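Asks: Following is a predicted model, sequence given first.
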Amino acid sequence: MTVKLIAYIGVMAGVTYLVRMLPFVIFRKKIKSRFVKDFLYYVPYAVLGAMTVPAVFYSTGNIASAAAGTAAAVLFAFKNKGLLAVAAAACIAALAMEAIIIFL
């Protein structure tokens, strides 16, 4: 059991190291292509969005309550409210929608 665990940790460490090391090895010179620069600039935002958005809609027991919380969060964010206010509004909206669903 411990040999497998050590092997798993070793493989994970190797993959993590390769992912972080390869860009430095591949891109030794300064990147001049505007397309590549723009692509690399937006990759973190795209990956974060791809991981976060599905998790948001499956975070509650019902997609309707998750959508209500998301709508409240987007509305408060567009009104330039603080992070705490946005999170609180999303939680309250999702909770209210869950209560409405239960009572109907």
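Replies: Cool, got the structure.
Asks: so the residue nearest the centre of the chain, which of the three states?
Replies: Central residue of the chain (C-alpha atoms, centre = their mean): residue 52, 3.0 Å from the mean position. Secondary structure assignment for residue 52 (DSSP: H, G, I helix; E, B strand; the rest coil): helix.
Asks: Need the residues that contact stretch 33-46.
Replies: Applying C-beta atoms under 8 Å, 6 or more residues apart in numbering, the contact partners of stretch 33-46 are residue 31. All C-beta atoms are positioned from the backbone trio N, CA, C, and that covers glycine.
Asks: chain center to it: distance?
Replies: 18 Å (C-alpha atoms, centre = their mean, to the nearest Å).
Asks: same thing with stretch 9-26?
Replies: 21 Å.
Asks: quick one: secondary structure of residue 80?
Replies: coil.
Asks: Name the residues of stretch 56-72 that are buried.
Replies: By 16 or more other C-beta atoms under 10 Å, the buried positions in stretch 56-72 come out as 60, 65, 66, 67, 68, 69, 70, 72.
Asks: Excluding chain neighbours, what is closest to the second one?
Replies: Spatial nearest neighbour of residue 65, chain neighbours left out: residue 97 (3.9 Å); criterion: C-beta to C-beta, 6 or more residues apart in numbering.
Asks: List the contacts of the one you found.
Replies: Listed by C-beta under 8 Å, 6+ apart, the contact set of residue 97 reads 62, 64, 65, 68, 69.
Asks: In three-state terms, label the residue lying closest to residue 64 once chain neighbours are set aside for me.
Replies: In this structure, residue 64 finds its nearest non-sequential neighbour in residue 97, 5.9 Å apart by C-beta to C-beta, 6+ apart. Secondary structure state of residue 97, per three-state DSSP, is helix.
Asks: With that, I have no additional questions.
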